[in-house]
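1. fold the following and give me the result.
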Amino acid sequence: MGRELIVIGDRVLIKPDNRKEMTNSGLYLPQGAYEKEKVHSGKVVKVGPGIPVPEPQDLQEEDWKKSANKTQYFPLQARIDDRAIFLKNSAVEIEFEDTTYVIVPQAALLALIRNDVPDKV
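-> Numbers count the residues shown, from 1 in each chain. You can find the predicted model right below:
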């Protein structure tokens, strides 16, 4: 029986890029230099369902009443296989099945690079 990692709400699961050990000019970086950078990048592995949006009629009901409506979500911009550039300070590093990931809220994503964009005519 396998395990599944479920991403909650407006969060994105990212596999961070390999840490740089050498600069483009060939200089070796000291250990920990990558961690000092404020912006990191990686591949989006999973995205949460989005931001929950209540039904307008549910706002007028009492809090204790259960709604018959199914929760609807405003989807996230990030998609699986996007390259994400994100703020390191907002990321939470986790390890799942011997792989290191970071969980980042959508608000901490600075940019997404998507490869499957159709050409404009």
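
2. for the longest strand anywhere in the chain, packing partners?
-> Longest strand in the chain, counting residues (DSSP state E): strand 39-47. Judged by 3 or more Cβ pairs under 8 Å, 6 or more residues apart in numbering; DSSP states H and E, strand 39-47 is in contact with strand 11-16, strand 83-87, strand 99-105. Using the backbone N, CA and C atoms, a C-beta is placed for each residue, glycine as well.

3. which of these sits most buried?
-> Mean neighbour count (mean count of other Cβ atoms under 10 Å) peaks for strand 11-16 among these, with a mean of 22.

4. partners of it in the sheet?
-> strand 39-47 (antiparallel), strand 99-105 (antiparallel) (DSSP bridges).

5. so which of those strands comes closest to residue 76?
-> Residue 76 sits nearest to strand 39-47 of all the strands paired with strand 11-16, at 5.1 Å, using Cβ to Cβ.

6. please pull up the helix or strand immediately following that closest one.
-> From strand 39-47 onward toward the C-terminus, using DSSP states H and E, the following helix or strand is strand 51-53.

7. can you list contacts of that next one?
-> Strand 51-53 is contacted from outside by 9-10, 71-74, 76, using Cβ atoms under 8 Å, 6 or more residues apart in numbering.

8. mind listing what's buried along it?
-> By neighbour count on 16 or more other Cβ atoms under 10 Å, the buried set for strand 51-53 is empty.

9. quick one: mean pLDDT over that strand.
-> Per-residue pLDDT over strand 51-53 has a mean of 84.

10. list the neighbouring strands of it plus their orientation.
-> By DSSP bridges, strand 51-53 pairs with strand 72-74 (antiparallel).

11. burial check on residue 47, number of neighbours?
-> Around residue 47 there are 20 other residues, counting by other Cβ atoms under 10 Å.

12. and if you look at the one 3 residues further on?
-> Here the neighbour count serves as a burial measure; for residue 50 (other Cβ under 10 Å) it reads 16.

13. then residue 106?
-> When neighbours are counted by other Cβ under 10 Å, residue 106 comes out with 18.
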